[in-house]
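In: Structure, please.
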Amino acid sequence: MSTITAFMIVKNEEKLLPRCFESMRGVVDELAILDTGSTDGTLAVIEREANLGHFQRVQCGHHEFKDFGSARQANLDLVTTQWALWMDADEMLSPMLRARLMELRQGGHLNDQVGWEIHRANRVLGKVMTSRRLAANYVLRLFQTSQGRLTDSLVHEGIILTPDASVGRLTEPILHDTLLEIGPYLQKVSHYTTLDVANPDDKKFNPLHMLVTGPLTFIKDYVFRGGFVDGWPGLVWCGISSWTCVQRDWKRMKRDWLKKES
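Out: As a prediction, the model looks like this:
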């Protein structure tokens, strides 16, 4: 069978890693983990998993975080198996996806494609989102290692395959806890927006955009994209999405103001 390594960048994920690891046992051959500065028990969790022997090899490297694109590429560089599976600590392979991957491997059909897009079922406060923005979410996560690389994005990185590479699609989902707790998620949003505005290609601050982006984003996501059907979690998600847009513009304003001052 084709061999698969799950590659992950982590920081302070001791609570989420055990369930992520458990979901991959018996399906993934190796783990390649890059820690970007954990101060909790993350490293102990990784060491314990390595000692349990569920995976043929568990690598754990260390990386000084600058941006997601370069960190994820450094992580991918640790992979030596034919196939690479991008995973995050807040994700799990669903039982259906586990079964499907084993079927593809045992039947020799994993190699029918160069890469596979996988459905990502996004959960907010424990509820799987059904609105269009989060429900119809397919991401390229499984690919032949030699045929893929990461984009150079500071944030919102993705996989680029070689030209004309064939890509299949798996409807069996990865379970992704997009938002488990509001406080930690807002901290994550602040980190992401800071990286967004640090991008040299980021747009200039526009006062009118800052005034309208929050309300328009909320209306678009909650009304036109169906966020209202997801009840309270949908309301929270759409509210935070609109706040994210305002926060990004606020940081653009401060960035551009400092440029003028200097």
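
In: What's the biggest helix in this structure, counting residues?
Out: If each helix of the chain is counted by residues according to DSSP state H, the longest one is helix 231-261.

In: Any buried residues in that one, and which?
Out: Within helix 231-261, the residues scored as buried using 16 or more other Cβ atoms under 10 Å are 233-234, 236-249, 251-253. In short, each C-beta sits where N, CA and C put it, glycine included.

In: next one: stretch 109-118
Out: Residues 110, 113, 114, 115, 116, 117, 118 are the ones in stretch 109-118 that count as buried (16+ other Cβ under 10 Å).

In: what's in contact with that stretch?
Out: Outside stretch 109-118, the residues within contact range by Cβ atoms under 8 Å, 6 or more residues apart in numbering are 1-2, 83, 97, 101, 103-104, 138-144, 147-148, 159, 161-162, 165-170, 172-174.

In: again, 7 Å this time
Out: Stretch 109-118 has contacts (Cβ atoms under 7 Å, 6 or more residues apart in numbering) with 2, 83, 97, 104, 138-144, 147-148, 161, 165-170, 174.

In: What of stretch 52-61?
Out: Applying Cβ under 7 Å, 6+ apart, the external contacts of stretch 52-61 come out as 25, 28-35, 46, 49-50, 78.

In: Could you tell me which of the residues you listed count as buried?
Out: 28, 29, 30, 31, 32, 33, 34, 35, 46, 49, 50, 78.

In: The fifth one bridge partners, please.
Out: I take that to be residue 32. Using DSSP bridges, the bridge partners assigned to residue 32 are residue 7, residue 59.

In: pretty sure it contacts residue 9?
Out: No: with contact defined as Cβ atoms under 7 Å, residue 32 and residue 9 do not form a contacting pair (9.9 Å).

In: tell me the domain boundaries of the protein?
Out: The chain breaks down into these domains under automatic domain parsing: 4-178, 181-261.

In: Quick one: end-to-end distance for the shortest one.
Out: The first and last residues of domain 181-261 sit 38 Å apart, counting by Cα to Cα, to the nearest Å.

In: I'd like the average pLDDT over that domain.
Out: Domain 181-261 carries an average pLDDT of 94.

In: what's the span of stretch 35-49, first residue to last?
Out: Calculated as Cα to Cα, the first-to-last residue distance of stretch 35-49 is 15 Å.

In: got the buried residues for that stretch?
Out: If you call a residue buried by 16+ other Cβ under 10 Å, then stretch 35-49 has these buried ones: 35, 36, 38, 42, 43, 45, 46, 49.

In: Narrow those to those in helices?
Out: Among the buried residues of stretch 35-49, the members falling in helices (DSSP H) are 42, 43, 45, 46, 49.
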